[in-house]
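S.K.: I'll drop the sequence and a predicted model, then ask my questions.
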Amino acid sequence: MSDFETFQEQLKRCRRENNKGYSLPFVSYWEDSIFKQELFSIFNKQWVGLGRSDRLLETGEYEAFELYGKALFLIRDKENALRLFANTCRHRGAKLLENSGQCQAISCPFHGWTYALNGNLIAAKFIDDESDFDICDYPLHEYRLEQYCGFLFAHFGNNPLKLVNQLGDFKDLHQPWNFKDLVTTRRRTFEVGCNWKAFLDVFNEYYHLNSVHPSSIGNLYLDPETADITAGCYASQFGRTSGTGALLESQQVNALPEMVGLGESWRQGTRYSWIFPNMTFAAGQEALWIYEANPIDAQRCQVRQSICFPRSTTLLNDFPEKSQAYYQRLDDAMAEDVVALENQQQGLKNSPPFQGRFCPLMEANVSSFSLWYADQMLMC
Ligand code: FES
Ligand SMILES: [Fe+2]
C-alpha cells in the first residue's frame, strides 16, 4: 500500500460509524503535501475564526496580520462595520498597513495611493486624471467577514455555507455565558514549533493535565462530563473544577466575580469548545479565554490568545491587579504546554505511519475533531 493509500485508510478509520476513537494519522502532523491539501480542503472552504470583534471599536482602528500566507488587515469603517481586506495595494502590490493602529484613510507607503476605510480608492496622484483611468476600478480586495456571538469569522473561498449553518446549535449551548457582554482585555500572538492541530488538540484534552501541569493547574480539573452531542462544526465538553480553572492553584484568592446568569451547574466549572477548524476557547465562571491556531507550515503554527471578562468586572477597582493573576495563569500553563507540544512534534516528525487511540472521556473533543477533519480531507 502506498503512503497515500495508508493515509486515506487511516482517515476512513476515523470516520467509521462504530469509531473507537482512532487518532488522526501521524503523517498529517508533519507532511508538507498534507498541509497543502489542508489549505485547499479546509482553510479555503470553511469559515475560520479571527477572535473577538470588540478589540477594534473606533472608526479607523485596524490590525494587520498574516494568515495562510496572505497579508490581510481588519479595519472599522465610518459606518461602524468591521471589514477584512487584502493588505495589498492595487497599484503595484505594496503592503499597506503594519501591526495595529488607527487612521483616517489608508495611504500606501510606496507611491501614495490612498483608500477610504471602505476600501474605495480615493486618490492616485498624477494618474487619476488620465482619460482611461477610472478610480472606481481599483478598490481593495475584500474578503467575507461575519460576526457571531461576538466572534469574528472570515471565509477565503467561493460559495461558503452560511456561517449560522456551519455553527448549528452553538449559540444555544453557549447561551448561559452571555458572550456579547464580554470585553477583550488582553490579546497576544506567538509562534509554536508544532502542527496547528496539535496545538488545538492539547487545549481540548484533559489527559495531559496531571503530567504536564502537575503543580500549576493540573489539580484544579476534575474528570470531565461526557462530551455534548453537538449539531454543527464544533465540539464541546464541560468539566467541573475545584475553584476556578482560570487561575493557578496558588492564586485562587484573586478570583473575580462569577458571570451573572450562569446557572448553578455552569458555575462549578469550565466549558471547553472547539469551533472547527482553528478557534477554541474555555468558558469559565468569570472569564473566557480563546486561542486561534493557524498553520505557518506543516510543523509550525501561529497562535493568538485573547482573554475576556464581563464589562462589569472590568470596571471593578481591583480589576487591574487581579486580572494580572489571570494573565499569569494563561502564560504559565501555556509555557508548560509549549514544552510538551514541541517535544511531541519532534517525535511526530518523519515518524512511521502510525495512528493512535484516544481515551474516550479525556480526549473527547479531539476525537470529534478527528472525525470532522477526516470528512473534509476525504471529500476533496
Ligand atoms: S504600490 Fe501602492 S502606491 Fe504604488
Ligand atoms: Fe495544557
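M.R.: In hand now; what should we look at? Ligands and ions are numbered 1, 2, ... in the order given.
S.K.: ligand 1 contacts on the chain?
M.R.: 89, 91, 92, 93, 94, 108, 110, 111, 112, 113 (Cβ under 6 Å from any ligand atom). C-beta coordinates here come from the backbone N, C-alpha and C atoms, glycine included.
S.K.: farthest-apart pair in those residues, please.
M.R.: The distance between the two most remote of the residues of the chain next to ligand 1 (Cβ to Cβ) is 14.6 Å, for 93 and 112.
S.K.: what sits closest to residue 99 if chain neighbours are left out?
M.R.: Distance criterion Cβ to Cβ, 6 or more residues apart in numbering; nearest residue to residue 99, sequence neighbours excluded, is residue 64 at 6.0 Å.
S.K.: among the residues of the chain next to ligand 1, which ones are in helices?
M.R.: Of the residues of the chain next to ligand 1, none are assigned to helices by DSSP state H.
S.K.: any chance of a PyMOL selection covering the buried ones in these?
M.R.: A single PyMOL command is used to select the members of the residues of the chain next to ligand 1 judged buried by 16 or more other Cβ atoms under 10 Å:
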select buried, resi 89+108+113
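S.K.: kindly reformat the residues of the chain next to ligand 1 as TSV containing pLDDT.
M.R.: Shown next, in TSV, are those (pLDDT from 0 to 100):
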residue	pLDDT
89	98
91	97
92	98
93	98
94	98
108	98
110	98
111	97
112	97
113	97
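S.K.: okay, now the domains of this protein?
M.R.: 3-47+167-379, 49-155 (automatic domain parsing).
S.K.: which element follows the helix or strand where residue 345 lies toward the C-terminus?
M.R.: In the assignment (DSSP states H and E), residue 345 maps to helix 319-348. Per DSSP H and E, the first helix or strand lying C-terminal to helix 319-348 is strand 355-357.
S.K.: who are the packing partners of that following strand?
M.R.: strand 22-25 (3 or more Cβ pairs under 8 Å, 6 or more residues apart in numbering; DSSP states H and E).
S.K.: run through the bridge partners of the nearest residue to residue 10 once chain neighbours are set aside.
M.R.: Leaving aside its chain neighbours, residue 10 sits nearest to residue 25 (4.0 Å; criterion: Cβ to Cβ, 6+ apart). On DSSP bridges, the residues paired with residue 25 through beta bridges are residue 355.
S.K.: what is the neighbour count of residue 25?
M.R.: Other residues lying near residue 25 total 26 when counted by other Cβ atoms under 10 Å.
S.K.: next one: it from residue 343, what distance?
M.R.: Distance of residue 25 to residue 343, given as Cβ to Cβ, to the nearest Å: 20 Å.
S.K.: need the helices for the stretch 151-300 of the chain, in chain order.
M.R.: Ranges of helices within the stretch 151-300 of the chain are 163-167, 170-174, 196-204, 209-212, based on DSSP state H, counting those that start in this stretch.
S.K.: deepest of these, which one?
M.R.: helix 196-204 (a mean of 23; mean count of other Cβ atoms under 10 Å).
S.K.: what does the model give the closest residue in space to residue 67 that isn't next to it in sequence for pLDDT?
M.R.: Once flanking residues are discounted, residue 67 sits nearest to residue 294: 5.7 Å by Cβ to Cβ, 6+ apart. We have a pLDDT of 98 for residue 294.
S.K.: and residue 294, bridged to which residues?
M.R.: residue 302.
S.K.: from ligand 1, how far out is the residue of the chain most remote from its centre?
M.R.: Largest separation from the mean C-alpha position in the chain: residue 131, at 46.6 Å (Cα atoms, centre = their mean). For residue 131, the distance to ligand 1 equals 20 Å [Cβ to the nearest ligand atom, to the nearest Å].
S.K.: how about the secondary structure of that residue?
M.R.: What DSSP: H, G, I helix; E, B strand; the rest coil gives for residue 131 is coil.
S.K.: how near is it to residue 252?
M.R.: 72 Å.
S.K.: what's the nearest residue to residue 105 if we skip its chain neighbours?
M.R.: residue 114 (5.3 Å).
S.K.: now swap in residue 197 and tell me
M.R.: residue 29 (6.5 Å).
S.K.: cool, and residue 360?
M.R.: Residue 360 sits nearest to residue 21 (Cβ to Cβ, 6+ apart), 5.3 Å away.
S.K.: ok, now which ones touch that neighbour?
M.R.: With contact taken as Cβ atoms under 8 Å, 6 or more residues apart in numbering, residue 21 is in contact with 357, 358, 359, 360, 363, 367.
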